[in-house]
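Asks: any chance you could fold what I've pasted below:
(chains A and B)
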Amino acid sequence: MSITITLPDGSNRQYDASTTGYQIASDIGPRLASAAVAVTVDGEPYDLHRPIDRNASVSVITENTEAGRHVIRHSAAHIMAQAVLDLFPGATFAIGPAIDDGFYYDFSVERPFAPDDLNAIEDRMAEIVAADQPFERSELSIAEALETFADHPFKVEIIKGVDADEGVAGDTVSTYRNDGFLDLCRGPHLPSTGRLKAFQLMRAAGAYWRGNEDNPQLQRIYGTAWESKKALDDYLNMLEEASKRDHRRLGVDLDLYSFPSELGAGLAVWHPKGGTLRRAVEDYSRRTHAAHGYEHVMSPHLAKADLWETSGHVNFYRDAMYPAMELDRGSHGKGQDYFVKPMNCPFHILIYKARSRSYRELPLRLFELGTVYRYERSGVLHGLMRVRGFTQDDSHIFTTEEDLADELQRLLDFVLMVLRDFGFDEFEADLSTRPEKYVGDPDMWERAEAYLASALETADLSYQLAPGEGAFYGPKIDIHIKDALGRRWQLSTIQVDFGQPENFELEYATNENTRKRPVMVHRALLGSVERFIGILVEHHAGAFPAWLSPVQATVVPVADRHNEYATAIGDRLVEAGVRVEVDTADETVGEKLRNAITQKTPAILVVGDNDVENKTAGVRMRGEDKEARGVPIEKVIADLVELVAPPR
RNA sequence: GCCGGGGUAGCUCAGGGGUAGAGCAACGCACUCGUAAUGCGUAGGUCGCGGGUUCAAAUCCCGCCUCCGGCUCCA
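Replies: Numbering: from 1, shown residues only, chains lettered A, B, ... in the order given. Purely as a prediction, here's the structure:
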């Protein structure tokens, strides 16, 4: 019997009903055949050697694509599990998917894996790869599978689970066998273990079964696998580059901030240079908000428990709040509980409520660089990226529902402008819609979701829908940026809130002198200033755009006798608004230059005899290894003034 | 919080029951130098904190703090 195979280019080929993806790939070309790791048949992933027995559209998955690497990594996970089960008698295995950049597998073992164990496992994996064992697919009924995996309780749970997605489809499950190792798996897999060309185990860690702390903790091993040794090396180099850019390391090298253990976990102090950087960021934020119709407000760090009860935080957010402090306790009576603020919104609401509001003053945009404190569990703290006290560029917009669409559009334009000004130009957005538990009118929700979507479309921002992921009080947009290493960070968030205006009974007077309830929008552009600066440091690898650099220019005198001239130039630059250092250290030019380069100073001015005589300087810009000699000092100053100008 | 690995000079790290080590940084002296490390010298440590074992603890044991990698959550 003959079947018709349709290829992605629309062409058709005739085959026997027992053909395989490998056969088809080979007919197209030998190079494709050797790069192929699997195929899709009418969109469904198939092993290369799994027979295709019907008319279908087939496309070949090659090893150098994300889909291809997914297959490679999934097979690598199997081979690792096989090695672990070989080496650790009594071990049982749970789940082992491919993930971004690699794979992991979770095991239940008698003792946690030690670093040396990973080497042994890697060696065993290499043997399995060398043996080039074919992966063989077969299908079992649920009953057969339960019997087959009776010794592996986590597999049994997966087989029984209706929602589980690991190889479960209808009445049967598929398994893959290579040599003596059998795993429950949906596939597809590489044709054989020998096709795993480049892999490395990365680390072991504890992980809860299904990510739930109430479940037993398993031992997870992370690995990475690639289509070639070169691709693996590139990835390892990227990790190396990332660790060189680590904001915690650069924080020390560039003297920006530190995390003294005397302070406590998750708390940072800002050194003068970090303080300067942070002030540049915050000044920019204040300036641009003022220019975009925001009014600056300020609020204290504490408020009475009553306020947090009205706002719902005590009910919904208490886990992340610091415990209450009882103040003003009299000699017999009970005092008043106060909470440190985890959010700024209730304060801004109180400002709104301070007097009656008219439709004429809406949208009212209240802005604050508000420092909030959230209790984060000790294990999750991470440099500036995850701290226990941080400052949000926070704003609450009070608007009529009629103005909401326009306001969201303006807001999104503003967000993108700000992120671009800091050097980010790749964005992705998530639109999170109404969850099962929600407050407010469903029609209003739908309208707000539509406004958010249309704002995204008008801004030409690609976005993913996250159905049901909105907060209970309103839908939201989250904006992610991609940094210089291609990593994705969530920065901005725009959240519509139907709940708080209700909680606080907010109103405004309409043009007909009736009372209506405003809609609130919570939004933060940089998110947390601390975290944002951590991301900036890593994105720019510490070589900040000149307007953000703590030191924008360093003046290097060639010898002692040029110190006076160098200092005079420094004074001129300070007057012109440039952040400058004059390096009069008793060192060679080479050493002083090296220090300034290591500190990633945007501009270095070297001055010697010729410069003193001619009122010039040698100018060496960051990233260039050729300098300009004898530049007239007036031009140097004018150029630097231009260089350090903020984007707006 | 849980699992694993760490904490020795400002930084990066070696050492491992019996007088605490290196490189860089710092400080001093000499050198006065034209685009990525001048030379010589000096100083610097309750070996994270507390308790225990021991004639003796940085080293072994216990507890705590803190950092790193994960789990979970999010700015």
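Asks: just the helices in the stretch 251-400 of chain A please.
Replies: Per DSSP state H, counting those that start in this stretch, the stretch 251-400 of chain A carries helices over the ranges A:272-291, A:305-310, A:313-316, A:345-353.
Asks: the last one near RNA strand B at all?
Replies: Put plainly, it is helix A:345-353. No. Helix A:345-353 stays clear of RNA strand B (CB under 7 Å from any atom of the strand), getting no nearer than 11.8 Å. Any C-beta I mention is one placed from the backbone N, CA and C, and that applies to glycine too.
Asks: and that helix, C-alpha only, in PDB?
Replies: In PDB, the C-alpha atoms belonging to helix A:345-353 read as follows (Å, rounded to 0.1, in the frame of the first residue of the first chain):
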ATOM      1  CA  CYS A 345      -0.800  51.800  47.100                       C
ATOM      2  CA  PRO A 346      -2.800  52.400  50.400                       C
ATOM      3  CA  PHE A 347      -0.900  55.600  51.000                       C
ATOM      4  CA  HIS A 348      -1.600  56.900  47.500                       C
ATOM      5  CA  ILE A 349      -5.300  56.000  48.000                       C
ATOM      6  CA  LEU A 350      -5.300  58.100  51.200                       C
ATOM      7  CA  ILE A 351      -3.900  61.000  49.300                       C
ATOM      8  CA  TYR A 352      -6.700  60.600  46.800                       C
ATOM      9  CA  LYS A 353      -9.200  60.500  49.600                       C
END
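Asks: any idea how far that helix is from the middle of the chain?
Replies: Relative to its chain's centre, helix A:345-353 lies at 31 Å (CA atoms, centre = their mean, to the nearest Å).
Asks: neighbours of the residue in the stretch 301-450 of chain A that RNA strand B sits nearest to, how many?
Replies: Here the stretch 301-450 of chain A gets closest to RNA strand B at one residue, residue A:379, 1.9 Å apart by CB to the nearest atom of the strand. Using other CB atoms under 10 Å, residue A:379 is surrounded by 7 other residues.
Asks: same check, this time on the one 3 residues further on
Replies: Around residue A:382 there are 14 other residues, counting by other CB under 10 Å.
Asks: tell me what it is bridged to.
Replies: Partner residues in beta bridges with residue A:382, using DSSP bridges, are residue A:386.
Asks: any idea which helix or strand comes after the helix or strand of chain A with the lowest mean pLDDT?
Replies: When each helix and strand of chain A is scored by mean pLDDT, DSSP states H and E, strand A:168-169 comes last, with a mean of 48. Scanning forward in sequence from strand A:168-169 by DSSP states H and E, the next helix or strand is strand A:172-178.
Asks: mean confidence score for that next one?
Replies: Averaged across strand A:172-178, pLDDT comes to 87.
Asks: for it, which outside residues touch it?
Replies: A:78-79, A:82, A:128, A:133-142, A:145, A:148, A:159, A:167, A:182-187, A:189, A:192-193 (CB atoms under 8 Å, 6 or more residues apart in numbering).
Asks: buried set for that strand?
Replies: A:173-178 (16 or more other CB atoms under 10 Å).
Asks: C-alpha coordinates for that strand, CSV please?
Replies: The C-alpha trace of strand A:172-178 is given here as CSV (Å, rounded to 0.1, in the frame of the first residue of the first chain):
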residue,chain,number,x,y,z
THR,A,172,-2.0,3.5,26.6
VAL,A,173,1.4,5.0,27.5
SER,A,174,4.5,4.8,25.5
THR,A,175,7.9,3.7,26.9
TYR,A,176,11.4,3.8,25.6
ARG,A,177,13.9,1.1,26.1
ASN,A,178,17.6,1.2,25.5
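Asks: which among the contacts of strand A:172-178 count as buried?
Replies: A:78-79, A:82, A:128, A:133, A:135, A:137, A:140, A:145, A:148, A:159, A:167, A:182-187, A:189, A:192-193.
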